[in-house]
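Asker: give me coordinates for this.
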Amino acid sequence: MTGSNRRRAATLGLLGLGAAAGWLALSTAQADQAPSDKAAPAGKTMGFAVTNFPFALYKGADDCPDGPVLSAKDIYLKSVSPAEQKRLQLPENLKEFEQKAYHTADGRDVCEVLDLPREPQRSPKGKISYGMNLDGTKDGAATATTCAHEKFTSPDGEPVDNQTYRVMGCMSNYRGPPGEQGYLESLRNSGFKDGGTTFLIELIGVKDPKNDNDIQVGIYNGTSQMAVDPSGSTFLPYASLTVTDDKRWRSVVHGRIVDGVVMTDPGDIALTYVFGGAPRDYHIKAARLRLQILPDGKAKGMLAGYMDMPDVDMTKGTKQASAEMVKYDCPSIYQAIRRYADGYKDPSTGKCTALSTAFQVEAIPAFIIHPEEAKKTADASSPTETR
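Answerer: Down below sits the predicted model:
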């Protein structure tokens, strides 16, 4: 049996064990197993592995009436005459066209000159967006810690904040066609299947999975690869997945369950993921999770909060030739991020340093193993040396 087949057989074995244990994967939670300094509330645990984590981008038919975000080539073509546009787009002039579009007059890559004058990047004109009301206002007026901004209305009619949607909502490689993810979202989410990324959610101290006003919610990176079926197309529930031992990527917040919906208090969380083969981070402040536990044991909901500007920014270490492949312009997106930042106001400058952000979350049941538990199991299974 090959190594890959052995892993698949082991995975299917775990699946059988999980099904026998019950769809909700409940287990007794011991206080000394809590992933925080605070003792876990008495009760059981419920574990989930995230299978989908895209930005929550509403896709109204008329949201981008001016068209998608312009790339550097698009911007340069707008600055020259129709005759020059035609000449530059001839195949034999491609190298000249790229040199002029991707560089300043003195030869610097435009991704190194982020304050280069640009027209405001195109953003959604619609009034509807997914998100949560993070600042507590109805109109987006400035507060002591937030900057004034225009609120969206959720599909349910509630005022919500999602300034990241203003930055990404008209980027074709994020927005994608109706009913589909854009290329960049698909690339990022592929990390869950290829082993680059594992996100775990743990409900700790659950006394009633329908209504419980005092639970802890852990949001972690995992070190185990997600389990998929032999075809590699479907995630398998009830796999045993280990939490990272790096405390930077282990967050625990207080929460409650109301009519089967998990809701957390605001708290800071951090996650790391693989994007195009390189690690990227999410630092989300005042994050809050809403997660509905579905009848089939899966979970679906939203994670929202304020994400640090550098985590939204895609210009760090990028050349415009690379940015052009996914249809954005470095100075334009850099300036848009700063224009739309609405959270965590710097008291010395009065400028905000983070953007309201929302992610859609889909997850399946999983057995979550903490590093200290894994070590105990490994130590117990190690053969004792005799003399």
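Asker: could you list every residue that touches residue 353?
Answerer: Residues in contact with residue 353 (Cβ atoms under 8 Å, 6 or more residues apart in numbering) are 308, 309, 341, 343, 344, 345, 346. Backbone N, C-alpha and C define where each C-beta goes, glycine included.
Asker: typo on my end, residue 145
Answerer: So residue 145 contacts 343, 344, 345 (Cβ under 8 Å, 6+ apart).
Asker: nearest to residue 314 among the residues you listed?
Answerer: For the contacts of residue 145, the minimum distance to residue 314 (Cβ to Cβ) is 19.2 Å, reached by residue 343.
Asker: quick check, that closest one in contact with residue 283.
Answerer: No - counting by Cβ atoms under 8 Å, residue 343 stays clear of residue 283, with 11.9 Å between them.
Asker: neighbour count winner among the two?
Answerer: residue 343 (26 against 18; other Cβ atoms under 10 Å).
Asker: how about that one, nearest residue that isn't a chain neighbour?
Answerer: Spatial nearest neighbour of residue 343, chain neighbours left out: residue 306 (3.5 Å); criterion: Cβ to Cβ, 6 or more residues apart in numbering.
Asker: which stretches of the stretch 1-150 of the chain form strands?
Answerer: Under the criterion DSSP state E, counting those that start in this stretch, strands of the stretch 1-150 of the chain are mapped to 27-28, 44-52.
Asker: of all these, which one is nearest residue 137?
Answerer: strand 44-52 (30.2 Å).
Asker: does anything pack onto that closest one? Which helices or strands?
Answerer: Secondary-structure packing of strand 44-52 (3 or more Cβ pairs under 8 Å, 6 or more residues apart in numbering; DSSP states H and E): strand 27-28, helix 191-194, strand 199-206, strand 239-242, strand 352-369.
Asker: contacts only, for residue 54.
Answerer: 181, 185, 188, 189, 359, 360.
Asker: would you mind giving those residues as JSON lines with distance to residue 332, neighbour count and pLDDT added?
Answerer: Output for these, formatted as JSON lines (distance: Cβ to Cβ, whole Å; neighbours: other Cβ atoms under 10 Å; pLDDT from 0 to 100):
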{"residue": "181", "distance to residue 332": "22", "neighbour count": "19", "pLDDT": "84"}
{"residue": "185", "distance to residue 332": "20", "neighbour count": "20", "pLDDT": "86"}
{"residue": "188", "distance to residue 332": "21", "neighbour count": "22", "pLDDT": "85"}
{"residue": "189", "distance to residue 332": "25", "neighbour count": "18", "pLDDT": "86"}
{"residue": "359", "distance to residue 332": "23", "neighbour count": "23", "pLDDT": "97"}
{"residue": "360", "distance to residue 332": "26", "neighbour count": "15", "pLDDT": "96"}
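Asker: now, among those residues, which is nearest to residue 143?
Answerer: residue 359 (23.5 Å).
Asker: distance check, the closest one against residue 301.
Answerer: From residue 359 over to residue 301 the distance is 10 Å, taken as Cβ to Cβ, to the nearest Å.
Asker: wait, doesn't the residue nearest to residue 343 sit right on residue 284?
Answerer: Yes - Residue 306 is within contact range of residue 284, at 6.8 Å (criterion: Cβ under 8 Å).
Asker: how many neighbours does residue 255 have?
Answerer: Count around residue 255 with other Cβ under 10 Å applied: 24.
Asker: what about residue 144, neighbour count?
Answerer: Neighbour count for residue 144, taken as other Cβ under 10 Å: 6.
Asker: I'd say it and residue 344 touch.
Answerer: No - Residue 144 is beyond contact range of residue 344, at 11.2 Å (criterion: Cβ under 8 Å).
Asker: thinking again about what came up before, can you redo the helices and strands packed on strand 44-52 as JSON lines with distance to residue 105?
Answerer: Formatted as JSON lines, the helices and strands packed on strand 44-52 follow (distance: least, Cβ to Cβ, whole Å):
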{"stretch": "strand 27-28", "distance to residue 105": "65"}
{"stretch": "helix 191-194", "distance to residue 105": "39"}
{"stretch": "strand 199-206", "distance to residue 105": "45"}
{"stretch": "strand 239-242", "distance to residue 105": "53"}
{"stretch": "strand 352-369", "distance to residue 105": "32"}
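Asker: for residue 339, which non-adjacent residue is spatially closest?
Answerer: Per Cβ to Cβ, 6+ apart, closest to residue 339 is residue 120, 6.9 Å.
Asker: which ones are touching residue 98?
Answerer: Residue 98 sits next to 73, 321, 324 when contact means Cβ under 8 Å, 6+ apart.
Asker: if we only consider these, which is nearest to residue 295?
Answerer: For these, the nearest to residue 295 is residue 324 (46.2 Å; Cβ to Cβ).
Asker: what average pLDDT does stretch 206-225 get?
Answerer: Mean pLDDT, stretch 206-225: 96.
Asker: same check on stretch 74-88?
Answerer: On average, stretch 74-88 scores 97.
Asker: can you map out the helices along the stretch 51-200 of the chain?
Answerer: Assigned by DSSP state H, counting those that start in this stretch, the stretch 51-200 of the chain shows helices spanning 72-78, 82-88, 94-102, 163-168, 172-175, 183-189, 191-194.
Asker: buried deepest among those, which one?
Answerer: Mean neighbours per residue, mean count of other Cβ atoms under 10 Å, is largest over those for helix 163-168, with a mean of 28.
Asker: any idea how far that one is from the chain center?
Answerer: Per Cα atoms, centre = their mean, to the nearest Å, the displacement of helix 163-168 from the mean C-alpha position of its chain is 13 Å.
Asker: where are the low-confidence patches of the protein?
Answerer: Counting by pLDDT under 70, the ranges of the chain that qualify are 1-41, 276, 374-387.
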